[in-house]
Each structure stands twice: as structure tokens, then as C-alpha cells.
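# Here's my sequence, what's the structure:
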Amino acid sequence: MQNLSRRRVLTLGAALGLASVADPAKAWAWSSAGSIAATGTVTDPWSVWDDATDPLVASLLDSGQIPAVNTAFDSWVNNGDALPAGLPANLVAYLQQVNTLPSWADRTKLSRAAAFNKRMSLYLFLLYGLGSGIMSTVIPREARNVYHSAGGADMQSRAAKTFTYGYDLSAADAFLPTGHFVVTSNKTRLTHAAVRHLLPQSPAWRAVTNDQDFIPISNGDILVTFHSLGTFVYGKLKSWGIRISAVEEDAFLHMWQVALHLLGVRDDFIPASWAAAKQQSAYVLTPIMAATPEGIDLADVLLGLTSSVDLGVTRGFQREFARYLLGDQVGDWLRLPRDLASRTLIEVGWPAYVAFREGLSPIIPTTFSIFDQFIRGLAMLFLNNGTSPSYTPITIPTGNRPGE
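Numbers count the residues shown, from 1 in each chain. Sure thing, here's the model as predicted:
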């Protein structure tokens, strides 16, 4: 794929208000010395897509083969499954190359990450669902890509598929033959390639990108999503005072490093440490967060999903918890109504709840049952979003948002 020219980068940066892109001197300065490749080079991830996958998927879309591929993929679930019959030969050859862990993957660390995910499970459901999920709506590129793609018109289904990815990543056997995550990653990577081919054909999407030649879901975009998930969650757990050993920290990061590689992110962009990840996040995520009409609409839909079941708290409490996790600036961008009584309860009760659950305080807070029911309800909401997440199929799209 053709790289973005400096003019096109500047045009896009001006259109989306991206301070980190608007100045050519700051287009990308994060050195890969802090990456797992440790090469010390400086390469712009916003102009890197997926050369191994994009031409293949474009050809499958143009030849009308994707529906048959999706049908064949229905039976391809476990990492240890053989590739399904009926796939085009070029797709089989591609999957035979990518359907495996990178050579540097450490099985011991991945096993430790699985144990950590189990120990942190309730916090992870809360942070990934109500934290990262809502944060995605104030990442302009991500919000616009989601809104104008096929999944944007059915956010309940889109949310279920997104959670399938997180659920499969966090499962105890995520990377084992009985797990699903390697297969889920391959399907997600192919889906990204389809969106890269389809979205530029949408006049509505092109209108909000202000650059008809721009291609979505670059390596830079995937890094931003990682920081809204892994780096955000790691930072919140640490800020809450939850005891995490150095071995657990390393294992949790390694899990995400492998996940990024499986999505087609180059190793010289993948942070080698949490310090490097936090530095990259401050550089690549924080400056680009902003409100968009698409993001406001998506946030309303996503928060509506959490309000559709009885979580034992009010709608105002749920929105204030989103503000508590992401900050009031994000809450204001998304026009979340205030509930100051709930906010006081959260600010006082949540630290006490965490301290008691983690054995840091012997005193059970009077609000324990409120928070316990809330986060367990969120977990069940995402786990039972119409079906088990492991069986929510990730399908490759053949079009954009209906009507576009």
C-alpha cells in the first residue's frame, strides 16, 4: 500500500485535531528502542497497514467469496482445529503462515497471564466494559470507523463481537489448543482488512475523514486501541492499590504483546515494557481523544446496553462510574448527565470496596453489596450478551453501514 504523504498526514491531522500529527516535526518520534524489536529506528505507524492481509481480503471481497468464507469459519473455533474445508487456496496459504504464535512467545508467561486474568476477572469486566468500551467513543478515528462500518448500525452485536475478543484473550486456555484466541485474532485481522477495503468506498466516511485517500485501521490505530485497553487497565489497577507482582505485570504485558503481533502490528511498534507502553500511550492516545457526533451516538447506545438489565444501581450511577473511570472531561464530551449523589458514593465507597476485596482492610464497607452486585451484573451482562461470547461469531463484513 502506498504510504501517506506528508501533505495528507497534515490534512488529516488538521481535520481531526491531532496535535501529535499536525506538526511534521512531531509526526512520530517514539523510538523502537523501546519496542520488543529494540532496533532504535523511528517509523511512522500511521502509514503502516497490513501488507500480508489487505490484498488477499480485497481480492476475496471483489470476487464475492467472503460469504462462503464466513460460512466455513463457523466451524473454525478452537486454536487446535484444522483449517475448515471450502476455503479459497490463497486464504489457506495465508492462514498456514499466520495461524501460530510468534517465535518469541513465552508459554510460561502466557500461562501466568491467564492466572492473573482469573484473579482480576471482576475488575477486568468493569474496566474493559465500562472503561475501555466508552473510551473508544472519544477516539475520533475509532468512533468514526465503527460508526460507518457495518457493525455501527447494530451496536449490541458489535459489542458482543468485541467482547468475544477480550473474553477469548482472558480465558485460561486462550493460547492453548483448546482455547480460541489465535483463531479469534485471525478472524479479527481479516475483518480489519475488509474494513480497510470497504470504508474508503463510503461517501459518509470520506466526508468526515477529509481525505479520500486515507486508509483506516493502521498499525497506529491498533496501538491506540491497545493503550485504551491494556495500558488503561494496567494503570487503573495500579492506581487502585491492587497488589500486582513484577512477574504478573510482565505476564500481562506479554499477553498483549502477543495479541498485537497476531493482529499484524509490527514488532518495532510493540512496547517492550510498561514504562515504554505508558510513554507511547501519552504520546499516541492522550492527545487525540476528543468528542465527535459519531462517538456521542455510540456512547449513548453502549451505555443503553448496560441500562437494559438490572444491575442494582440507577442509570445515573452507571454514568457517574464511567465518569469516575475516564474523567469528567470525557463525561462532558459525551454529555453524560450528572448524578452528584452517586458520584460521592462512588468516590468514597469504591476505594473501600477494593481495599476490602484485596485484603488491604479488615473492615467491610456498608456499600460493599452495591458495588459487588454492580460489577458482577456487568460481568454477566457481557458474558450473556444473547449467547456465550465464545460462540458470538466474528464475521468478515461485505459492506459498510446500511445506506452508505
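
# show me what contacts Ser218?
Ser218 sits next to Pro45, Trp46, Ser47, Val48, Trp49 when contact means CB atoms under 8 Å, 6 or more residues apart in numbering. Using the backbone N, CA and C atoms, a C-beta is placed for each residue, glycine as well.

# Try it again at 10 Å.
By CB atoms under 10 Å, 6 or more residues apart in numbering, the residues touching Ser218 are 1, 4, 44-50, 141, 192, 196, 224, 265.

# Next, Ala276: phi, psi?
Note on Ala276: backbone dihedrals following degrees, to the nearest 10 are phi -70, psi -40.

# circling back to that earlier point, may I see the contacts of Ser218 arranged in CSV, with distance to Asp328 as well?
What follows is the contacts of Ser218, written out as CSV (distance: CB to CB, whole Å):
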residue, distance to Asp328
Met1, 40
Leu4, 34
Asp44, 33
Pro45, 30
Trp46, 29
Ser47, 35
Val48, 35
Trp49, 35
Asp50, 37
Arg141, 23
His192, 32
Arg196, 35
Val224, 22
Val265, 32
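
# Out of those residues, the closest to Val208 would be?
Nearest to Val208 among the contacts of Ser218, counting by CB to CB, is Arg141 at 9.9 Å.

# quick one: the closest one and Asp221 touch, right?
Yes - judged on CB atoms under 10 Å, Arg141 makes contact with Asp221 at a distance of 5.7 Å.

# any common contacting residues for those two?
Trp46.

# give the contact list for Pro84.
Val69, Thr71, Ala72, Phe73, Asp74, Ser75, Trp76, Val77, Val92, Leu95.

# Okay, and Phe214 sits in which element?
Assigned by DSSP states H and E, Phe214 belongs to no helix or strand.

# does it really touch Arg141, like I thought?
Yes - contact between Phe214 and Arg141 holds when scored by CB under 10 Å: they sit 9.3 Å apart.

# Between those two, which is the more surrounded one?
In this view Phe214 and Arg141 are compared by other CB atoms under 10 Å, and Arg141 has more residues nearby, 23 against 20.

# Assign a three-state SS to the more buried one, would you?
Here Arg141 is recorded as helix under DSSP: H, G, I helix; E, B strand; the rest coil.

# Quick check: the gap between it and Thr367.
Distance, Arg141 to Thr367, by CB to CB, to the nearest Å: 38 Å.

# Ok, Gly241 next?
17 Å.

# More neighbours: which of these two?
Thr367 (15 against 12).

# Now Leu325: closest residue in space that isn't a chain neighbour?
Gly131 (4.3 Å; CB to CB, 6 or more residues apart in numbering).

# Show me what counts as buried in whatever helix or strand Gln279 lives in.
Here Gln279, judged by DSSP H and E, is contained in helix 274-284. In terms of neighbour count (16 or more other CB atoms under 10 Å), helix 274-284 has its buried residues at Trp274, Ala276, Ala277, Gln280, Ser281, Tyr283, Val284.

# re earlier: relative to Ile394, which of the contacts of Pro84 is nearest.
Phe73 (8.1 Å).

# wouldn't the closest one be in contact with Ile394 here?
Yes - using CB under 10 Å, Phe73 and Ile394 qualify as a contacting pair, with a distance of 8.1 Å.

# So Lys350 sits against Thr367, correct?
Just to correct that, residue 350 is Trp rather than Lys. Yes - taking contacts as CB under 10 Å, Trp350 lies within contact range of Thr367: 8.3 Å.

# list the residues that contact both of the two?
Common neighbours of Trp350 and Thr367 (CB under 10 Å, 6+ apart) do not exist.

# residue boundaries of the helices in the stretch 151-300 of the chain?
155-170, 181-198, 203-209, 219-226, 232-239, 246-262, 274-284, 293-306 (DSSP state H, counting those that start in this stretch).

# Out of those helices, which is closest to Ala38?
It's helix 274-284; of the helices of the stretch 151-300 of the chain, that one is closest to Ala38 (CB to CB) at 10.2 Å.

# average model confidence for the closest one?
In this model, helix 274-284 has a mean pLDDT of 94.

# Check stretch 347-364 too.
For stretch 347-364, mean pLDDT rounds to 96.

# Buried residues in it, which are they?
For stretch 347-364, by 16+ other CB under 10 Å, it's Gly349, Trp350, Ala352, Tyr353, Val354, Ala355, Phe356, Arg357.

# What lies in contact with the helix or strand encompassing the second one?
Think Trp350. According to DSSP H and E, Trp350 maps onto helix 340-357. By CB under 10 Å, 6+ apart, the list of residues contacting helix 340-357 from outside reads 122-123, 237, 240-242, 313-321, 323-325, 328, 339, 360-372, 374-375.

# Let's see that with 8 Å instead.
By CB under 8 Å, 6+ apart, helix 340-357 touches 240-242, 313-314, 316-317, 320-321, 323-324, 360-365, 367-368, 370-372.

# What spatial separation is found between the closest residue to Val313 other than its chain neighbours and Thr137?
The shortest distance from Val313 to any non-neighbouring residue, by CB to CB, 6+ apart, is to Phe374 (5.2 Å). Distance, Phe374 to Thr137, using CB to CB: 21 Å.

# These two: which has the busier surroundings?
Taking neighbours as other CB under 10 Å, Phe374 and Thr137 compare with Thr137 leading, 28 against 22.

# Surely the more buried one and Ala299 touch.
Yes - look at Thr137 against Ala299 with CB atoms under 8 Å: they come within range, at 4.0 Å.

# show me where pLDDT drops low in the stretch 251-400 of the chain?
Along the stretch 251-400 of the chain, segments meeting pLDDT under 70 span 307-309, 382-392.
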